[in-house]
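S.K.: got a predicted structure here, sequence first:
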Amino acid sequence: MNPLPMVIADLRAMRGAALLSILLIALAVAIGVAIGAQERALRSASARAADDFPLLIGAPASATQLVLTSVYLQPEALTLMDGALLPKLASDPRVEAVAPIAFGDVVLGYPVVGTTAEFVTRWGRRQLVEGRNFAAEGEAVVGAEVKLAIGQSITPSHGVAGQHRHFGLEDEEEHAHRHEGVRYTVVGRLPHLGSPWDRAILIPVESVWETHGLGNGHRDESHIGAPFEAEHLPGVPALVVKPKQVFQAYQLRSDTRKAGLLAVFPAEILVSLYQTVGDIRDVLVVASGLNNVLVFLAILMLLVTLVSLRRRRYAILRALGASRTYVALVVWLGAAVLLSLGAFAGLAAGFIGAHAVAMLVAAETGLTLTISIGAGEVALVGLMALFGSLLALIPAAIAWRRPVAESLRS
Amino acid sequence: MASSHSQPLVLSLRDVAVDRADTNGRPIRILDVAGFTLAPGDCIALSGPSGAGKSTCLEVVAGITVPDHGVAMWGEIVVSKLAESRRDAWRRDTVGFIFQDFHLVGELSALQNVLLPLRFSGWRLGGEARRRACRLIEHVGLTDPGRRAGLMSRGEQQRVAIARALIRSPALILADEPTASLDAETGAAVADLILTEARTSGATLIVASHDTALLARLDRRIGFAAGVAREVRP
């Protein structure tokens, strides 16, 4: 037997209801798919952004805040620690490299970050795509998304903690806090990193100190970068340390902690954040799962009603010689096609939805989220399609059982 | 898959009675046929007012309704005693049904409607089946097999329905008020078509009808009154 012509006729006959059902199911399934894809993308993007920060050291305060401010450039004021730690770590045999990170200023809403030329290229892991690295005070390297051209001159303003940024625009707040007389010239541009650093303006850390009247870390103020001299160093908010070996990373962390400072692996902090995000995701996934079940049941009610309304149509088929199996197959296929199409349309819609959210997240934080559909989402949709196909057996069974003679006269 | 070309056999009903519960739950007899026998190729009419039992009688003959008493036989086959799936298969291979309201699948083309009874048993249709369907459509007086059934006039729809009933070359053609939804002229043409088809193919034909013009053209007539059937001599 071949039920397809009847299935197609049935779907045509109820195209309004069919489209609506597919749309509703797609919407319900999309929410679950988007939550899963979004959360996974957020994890991998945030982990990628933290890759260049093996060990972070700061004054004793919130470890989460230290990570958020250093890795994700969240504008918060960090307590300063004694700058003398910088040369001390630089000469530690377990340390391969160390760089200070100093924050505080903004230009056109972009955070100005002071560091060393070595850390600008992440100790050689990144190559500038345009121009060159800074080699003297007054020079700046910009992130990939900063809308400033090479050769352009800028004046920083004193940033305000927790301020909302409008990238590329100078707001009143920024205008009122200009460091008059301080100018930087853009000399190079970083490649796209997919992290909030894409929107940062990187300058020699010495310039940050000097702008705020704190000296520049050297007895002879004519050069920049290591070596720094302890007695000339002001306080620093954060140090990024690249240990030589993994076990040395643990040693350094514990030694630094013994000295009363904060030392964290950003990955550690992220894991605990993921735990919280994961819990929220679980709640959302369960809620959207229940949501899916409700939508499926509602559509099922609609399909049962439709079978009832069409009892005569199916009774005619029986009178023409169709077996009850044929009629049940027509009803089952029609319902299963609707429910499965809805589920798979939901997969596509979820992917698109997650992309839309990723664009919002990128605009807000600078994190580039790469949305992918994982086995989890495909399994979820497959399960929904299977569930739908099983539910479709109910209207099919109703059609199978309905007596022909009575339906013929209804 | 293809049409079965079953041979017309003797059709007989014996002591057939069908009971239904009325609105108060009491059983009422809606059909009571002492018995009649049709030779292969007989063309007979069932007449009588609405609700007199004509349609129920057709349903018993078609194996759609199982009588509470008595038997319906097709040759040696006791149709009314077959299991449901066997009755479905017997009906598919033996009966061509024509309804008062045509009951085409409006979303399908005329051709797909005519081919529908072949779909009940086969997955793929050969070119021969399609050619035969097209010939039938042409034969019943239609020119466009690809036209959607829902867009056709009533007369055209009944012609498609007749082609659909004939696609398996049935040995038994059952028509329930085939002209009642048509104007007199179209009705006469449709009646012509049914009678000609039955006579040329040698199939047994039973027509339930009010249409006196149609009744007059059939060899025998069984009258129904309040469920009771009686042979009428014209």
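M.R.: Received the coordinates, thanks. Numbering: from 1, shown residues only, chains lettered A, B, ... in the order given.

S.K.: now do the SS call for the most centrally placed residue in chain B.
M.R.: For chain B, the residue nearest the mean C-alpha position is residue B:174 (1.9 Å; C-alpha atoms, centre = their mean). State at residue B:174, reduced to three classes by DSSP: H, G, I helix; E, B strand; the rest coil: strand.

S.K.: state the pLDDT value of it.
M.R.: Model confidence at residue B:174, given as pLDDT, is 96.

S.K.: over to residue A:161?
M.R.: 59.

S.K.: ok, the residue nearest to the centre of chain B to chain A distance?
M.R.: 9 Å (C-beta to the nearest C-beta, to the nearest Å). C-betas here are computed from N, CA, C, even on glycine.

S.K.: in the stretch 1-150 of chain A, which spans are strands?
M.R.: With strands called from DSSP state E, counting those that start in this stretch, the stretch 1-150 of chain A shows them at A:55-58, A:95-107, A:110-115, A:130-131, A:139-142.

S.K.: could those strands go into a markdown table alongside mean pLDDT, mean neighbour count and distance to residue B:202?
M.R.: Putting the strands of the stretch 1-150 of chain A into a markdown table (pLDDT from 0 to 100; neighbours: other C-beta atoms under 10 Å in any protein chain shown; distance: least, C-beta to C-beta, whole Å) gives the following:
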| stretch | mean pLDDT | mean neighbour count | distance to residue B:202 |
| --- | --- | --- | --- |
| strand A:55-58 | 93 | 24 | 97 |
| strand A:95-107 | 90 | 23 | 98 |
| strand A:110-115 | 92 | 24 | 94 |
| strand A:130-131 | 92 | 16 | 92 |
| strand A:139-142 | 94 | 26 | 94 |
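
S.K.: redo those strands as JSON lines? Include distance to chain B.
M.R.: JSON lines is the format used below for these (distance: least, C-beta to the nearest C-beta, whole Å):
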{"stretch": "strand A:55-58", "distance to chain B": "67"}
{"stretch": "strand A:95-107", "distance to chain B": "65"}
{"stretch": "strand A:110-115", "distance to chain B": "61"}
{"stretch": "strand A:130-131", "distance to chain B": "62"}
{"stretch": "strand A:139-142", "distance to chain B": "63"}
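
S.K.: out of those, flag the one nearest residue B:111.
M.R.: For the strands of the stretch 1-150 of chain A, proximity to residue B:111 was assessed by C-beta to C-beta; strand A:130-131 is nearest, at 67.5 Å.

S.K.: how far does the closest one sit from the chain's center?
M.R.: On the basis of C-alpha atoms, centre = their mean, to the nearest Å, strand A:130-131 is displaced by 28 Å from the centre of the chain it belongs to.

S.K.: one more: stretch B:72-83?
M.R.: 17 Å.

S.K.: where along the chain do the helices fall?
M.R.: Chain wasn't specified; assuming chain A. A:4-13, A:15-50, A:63-71, A:85-90, A:117-120, A:172-176, A:205-211, A:246-258, A:266-309, A:311-319, A:324-365, A:375-391, A:393-401, A:404-409 (DSSP state H).

S.K.: actually chain B
M.R.: With DSSP H as the criterion, chain B has helices spanning B:54-62, B:84-94, B:110-119, B:127-139, B:154-166, B:184-201, B:212-216.

S.K.: out of those, which is closest to chain A?
M.R.: Nearest of these to chain A, taken as C-beta to the nearest C-beta: helix B:84-94 at 2.8 Å.

S.K.: mean neighbour count and mean pLDDT added to the helices of chain B, as a markdown table?
M.R.: A markdown table is the format used below for the helices of chain B (neighbours: other C-beta atoms under 10 Å in any protein chain shown; pLDDT from 0 to 100):
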| stretch | mean neighbour count | mean pLDDT |
| --- | --- | --- |
| helix B:54-62 | 25 | 92 |
| helix B:84-94 | 19 | 93 |
| helix B:110-119 | 25 | 95 |
| helix B:127-139 | 16 | 92 |
| helix B:154-166 | 25 | 93 |
| helix B:184-201 | 17 | 91 |
| helix B:212-216 | 15 | 90 |
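
S.K.: can you put these in JSON lines and add distance to residue A:314?
M.R.: Formatted as JSON lines, the helices of chain B follow (distance: least, C-beta to C-beta, whole Å):
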{"stretch": "helix B:54-62", "distance to residue A:314": "16"}
{"stretch": "helix B:84-94", "distance to residue A:314": "13"}
{"stretch": "helix B:110-119", "distance to residue A:314": "13"}
{"stretch": "helix B:127-139", "distance to residue A:314": "22"}
{"stretch": "helix B:154-166", "distance to residue A:314": "16"}
{"stretch": "helix B:184-201", "distance to residue A:314": "25"}
{"stretch": "helix B:212-216", "distance to residue A:314": "29"}
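
S.K.: right, so of the ones you listed, which gets closest to residue B:233?
M.R.: helix B:212-216 (13.0 Å).

S.K.: mind exporting the C-alpha coordinates of that closest one to PDB?
M.R.: What follows is helix B:212-216, C-alpha atoms only, in PDB (Å, rounded to 0.1, in the frame of the first residue of the first chain):
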ATOM      1  CA  THR B 212     -37.700   7.500 -11.300                       C
ATOM      2  CA  ALA B 213     -36.000   8.000 -14.700                       C
ATOM      3  CA  LEU B 214     -33.100   5.900 -13.500                       C
ATOM      4  CA  LEU B 215     -35.300   3.300 -11.700                       C
ATOM      5  CA  ALA B 216     -37.200   2.700 -14.900                       C
END
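
S.K.: OK, now which residue of the stretch 101-250 of chain A is nearest to chain B?
M.R.: Counting by C-beta to the nearest C-beta, the stretch 101-250 of chain A gets nearest to chain B through residue A:194 (51.5 Å).

S.K.: who does the lowest-mean-pLDDT helix or strand in chain A touch, helix- and strand-wise?
M.R.: Between all helices and strands in chain A, the lowest mean by mean pLDDT, DSSP states H and E belongs to helix A:172-176, at a mean of 77. Using 3 or more C-beta pairs under 8 Å, 6 or more residues apart in numbering or on different chains; DSSP states H and E as the contact criterion, the elements in contact with helix A:172-176 are strand A:157-158.
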